[in-house]
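# Okay, here's the prediction I keep looking at, along with the sequence it came from:
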Amino acid sequence: RFLIAARLSRASDIIRTIRDPEKPNTLEELEVVTENGVEVQEIGEDEYLVIIRFTPTVPHCSLATLIGLCLRIKLQRCLPFRHKLEIYISEGTHSTEEDINKQINDKERVAAAMENPNLREIVEQCVTEPD
């Protein structure tokens, strides 16, 4: 129990500082990510499933896929334990949530997106901690 709580807290801390691609705010300030949207389950010895649910600011948000990508990249880089990652748009909060959920949970599509220099630069700006 204690380990799961610690892992939950760590995952929440990692995503709270990600910046919105269009606004100067963090995703936490915009309530796109909240602590309630983070779930951690033990799936094996020293391995955890981290589930993130985020809520775009508007139901037709064109940046929802990019936000999901930022969440994935930051967590992959920063989680200090073995994990499997699932990222979803909170149910009923986006007009194309199913398509976006598939996209941000598909390793090949994520890898392809990160090969795009323009997209990679935007992701880096969003996930890099301010000095």
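Sure thing, it's come through.

# where's the spatially closest residue to I122 that is not a sequence neighbour, which helix or strand?
Excluding its sequence neighbours, the residue lying closest to I122 (C-beta to C-beta, 6 or more residues apart in numbering) is P21, at 5.8 Å. Every C-beta, even on glycine, is put in place using the N, C-alpha and C of the backbone. Secondary structure assignment for P21, by DSSP states H and E: no helix or strand.

# contacting residues around the residue nearest the centre of the chain?
For the chain, L71 is the residue whose C-alpha lies nearest the centre (C-alpha atoms, centre = their mean; 2.2 Å). Each residue near L71 by C-beta atoms under 8 Å, 6 or more residues apart in numbering is listed here: 15, 18, 27, 33, 52, 54, 87, 104.

# in its sheet, what does the strand or helix carrying the fifth one sit against?
It stands for I52. For I52, the host element (DSSP H and E) is strand 47-54. According to DSSP bridges, strand 47-54 forms sheet pairs with strand 38-44 (antiparallel), strand 82-89 (parallel).

# so which of those gets nearest L119?
Of all the strands paired with strand 47-54, strand 82-89 sits nearest to L119, with 16.4 Å by C-beta to C-beta.

# Now do the buried residues in the helix or strand just after the closest one.
Moving toward the C-terminus from strand 82-89, the first helix or strand encountered (DSSP H and E) is helix 97-104. Neighbour counts over helix 97-104 (16 or more other C-beta atoms under 10 Å) mark 97, 100-101, 103-104 as buried.

# so what does helix 97-104 touch, helix or strand wise?
helix 64-78, strand 82-89 (3 or more C-beta pairs under 8 Å, 6 or more residues apart in numbering; DSSP states H and E).

# so which of these comes closest to R10?
Using C-beta to C-beta, the nearest of these to R10 is helix 64-78, at 8.4 Å.

# A113 is in what secondary structure piece?
Here A113 is assigned to helix 107-115, by DSSP H and E.

# For that helix, buried residues please.
In helix 107-115, counting by 16+ other C-beta under 10 Å, buried: 110, 113.

# Average pLDDT for that helix, rounded please.
Helix 107-115 shows a mean pLDDT of 96.
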